[in-house]
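Enquirer: starting from these lines, generate the structure:
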Amino acid sequence: MSRFLLHGLARSLVLVLLAGAATYFLAALSLDPRSNFIGRNPPPSPSSIEHSLNEYNLNPNTPVVARFTRWSAGVAHGDLGRTVNGGQVNGEFARRAGVSARLLLVATVLGAAGGVLLGVWSAVKQYRFVGRTATLASFVVLAMPVFVVAVGLQFWARAINDLVGSTVIEYTGEYSPDATGTLAVLVSRVQHLFLPSLALVLFQVALFGSYQRNTMLDVLSSDFLRTARAKGLSRRAALLKHGLRTAVLPIVPLLVYNVVLLFTGAVFIEKIFGWHGMGEWLVDSISTNDVNSVAAVGLFTAALVLIAGLLSDLVYVVLDPRVRVR
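Expert: Have a look, this model is predicted:
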């Protein structure tokens with residue numbers, strides 16, 4: 001088992017390094033940081049522009065290999081470089097990662113668990129009205145663009161607030177600036193967190209539920225499940241002890257990678273609900289030609305892929321005994 005995990009770790013580390021380097025070269029060769037200084041009032045002098053670009057390691061006139069060498073040396077010492085405005089990428093990175101973690105962590109875990117349960121339940125009830133209704137509802141959610149669902153939830157929140165006569169569900173921002181005191185701030189954060197989390201949970205439950213339903217349908221007609229029933233296990237016990245473990249194995253990579261990679265993938269949710277996380281930062285950095293910020297997000301995403309791969313391997317080891325004996 002240790003050998004299996006170490007092999008996966010070594011492979012993933014190489015991929016992280018390659019992905020981080022590729023992201024930097026792509027950003028450095030395609031983005032133009034110099035354009036951010038054009039049109040300022042008063043206009044900066046050419047010499048000051050050159051000085052700033054050299055100081056931030058963003059000068060397109062410097063060979064890209066030299067810029068990458070300087071950037072990678074800083075990364076090796078924990079320094080992600082400077083933004084196009086002269087700020088530290090490290091500080092912005094930490095803040096954005098914290099915002100995304102608060103938004104996504106609970107929502108993705110609930111979405112993954114809910115999707116697995118919904119898939120198993122709809123497979124078991126496949127010939128009943130409730131099972132068909134759950135399957136249809138999943139397809140409806142998946143067929144709608146994410147921004148349609150997000151805006152629809154905002155309209156729903158406004159209607160609830162108008163009905164109650166008070167703002168019980170917030171639909172934009174991370175918290176209310178006028179909230180004072182620990183309890184008031186906590187309540188404000190929960191109110192602001194509810195709606196974007198609900199949007200994420202809906203999509204993940206629909207996605208994972210669809211995949212889990214298909215794998216569970218295959219398991220329901222399997223020989224080993226009939227054998228377990230023949231040995232005296234009840235249908236519920238056979239499904240939980242043997243069926244669910246087997247049915248969840250094929251979607252383990254999807255579960256783990258989706259939970260981890262939503263850190264940079266929830267762009268629409270962050271934009272619509274006013275959460276300034278990693279996904280929004282990536283889009284804004286590209287639009288402002290911020291090479292070092294784009295490279296930092298790319299490296300972070302590659303590291304998340306490494307973490308997701310390791311978690312996926314660990315879950316496989318726990319759920320599939322055959323892996324442990326190889």
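Enquirer: can you pull out the helices in the stretch 51-200 of the chain?
Expert: Assigned by DSSP state H, counting those that start in this stretch, the stretch 51-200 of the chain shows helices spanning 64-76, 89-124, 129-143, 146-164, 182-220.
Enquirer: just the buried residues of stretch 90-110, please?
Expert: 92, 93, 96, 97, 99, 100, 102, 103, 104, 107, 108, 110 (16 or more other CB atoms under 10 Å). All C-beta spots, glycine's among them, are computed from the backbone N, C-alpha and C.
Enquirer: residue contacts, the spatially closest residue to the fourth one that is not a sequence neighbour?
Expert: For residue 97, ignoring the flanking residues on the chain, the nearest one in space by CB to CB, 6 or more residues apart in numbering is residue 278 at 6.1 Å. Shown here is residue 278, whose contacts under the criterion CB atoms under 8 Å, 6 or more residues apart in numbering are 96, 97, 99, 100, 263, 264, 297, 300.
Enquirer: and of these, the nearest to residue 27?
Expert: Among those, residue 297 lies closest to residue 27 (CB to CB), at 9.4 Å.
Enquirer: measure that closest one to residue 224 for me?
Expert: For residue 297, the distance to residue 224 equals 45 Å [CB to CB, to the nearest Å].
Enquirer: likewise for residue 163?
Expert: For residue 163, the distance to residue 224 equals 52 Å [CB to CB].
Enquirer: residue 258 now?
Expert: From residue 258 to residue 224 the distance is 28 Å (CB to CB).
Enquirer: more neighbours: which of these two?
Expert: residue 258 (20 against 12; other CB atoms under 10 Å).
Enquirer: and the nearest residue to residue 134 once chain neighbours are set aside, how close does it get to residue 243?
Expert: In this structure, residue 134 finds its nearest non-sequential neighbour in residue 122, 4.3 Å apart by CB to CB, 6+ apart. For residue 122, the distance to residue 243 equals 14 Å [CB to CB].
Enquirer: thought residue 150 was touching residue 198?
Expert: No: using CB atoms under 8 Å, residue 150 is not in contact with residue 198; the gap is 9.7 Å.
Enquirer: now the helices of the stretch 51-200 of the chain as TSV including distance to residue 293 and mean pLDDT?
Expert: Listed next are the helices of the stretch 51-200 of the chain as TSV, based on distance: least, CB to CB, whole Å; pLDDT from 0 to 100:
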stretch	distance to residue 293	mean pLDDT
helix 64-76	12	93
helix 89-124	6	89
helix 129-143	32	88
helix 146-164	24	90
helix 182-220	23	88
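Enquirer: tabulate the ones you listed (JSON lines), appending distance to residue 57.
Expert: Converted to JSON lines, the helices of the stretch 51-200 of the chain look like this (distance: least, CB to CB, whole Å):
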{"stretch": "helix 64-76", "distance to residue 57": "5"}
{"stretch": "helix 89-124", "distance to residue 57": "11"}
{"stretch": "helix 129-143", "distance to residue 57": "43"}
{"stretch": "helix 146-164", "distance to residue 57": "36"}
{"stretch": "helix 182-220", "distance to residue 57": "35"}
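Enquirer: give the contact list for residue 209.
Expert: Going by CB under 8 Å, 6+ apart, residue 209 touches 114, 115, 116, 118, 119, 122, 134, 138.
Enquirer: next one: residue 173
Expert: By CB under 8 Å, 6+ apart, residue 173 lies in contact with 192, 273, 274, 275.
Enquirer: tell me which of those fall in helices.
Expert: 192, 273 (DSSP state H).
Enquirer: from the contacts of residue 173, which is closest to residue 128?
Expert: The closest of these, once distances to residue 128 are taken by CB to CB, is residue 273, at 36.1 Å.
Enquirer: give me the pLDDT value at the most centrally placed residue in the chain.
Expert: Centroid check for the chain by CA atoms, centre = their mean gives residue 262 as the closest residue, at 0.9 Å. On the pLDDT scale, residue 262 is placed at 77.
Enquirer: was I right about it contacting residue 105?
Expert: No: Residue 262 is beyond contact range of residue 105, at 9.5 Å (criterion: CB under 8 Å).
Enquirer: give me the common contacts of the two.
Expert: Counting by CB under 8 Å, 6+ apart, nothing touches both residue 262 and residue 105.
Enquirer: more neighbours: residue 150 and residue 198, which one.
Expert: The residue with more neighbours, out of residue 150 and residue 198, is residue 150; 23 against 19, by other CB under 10 Å.
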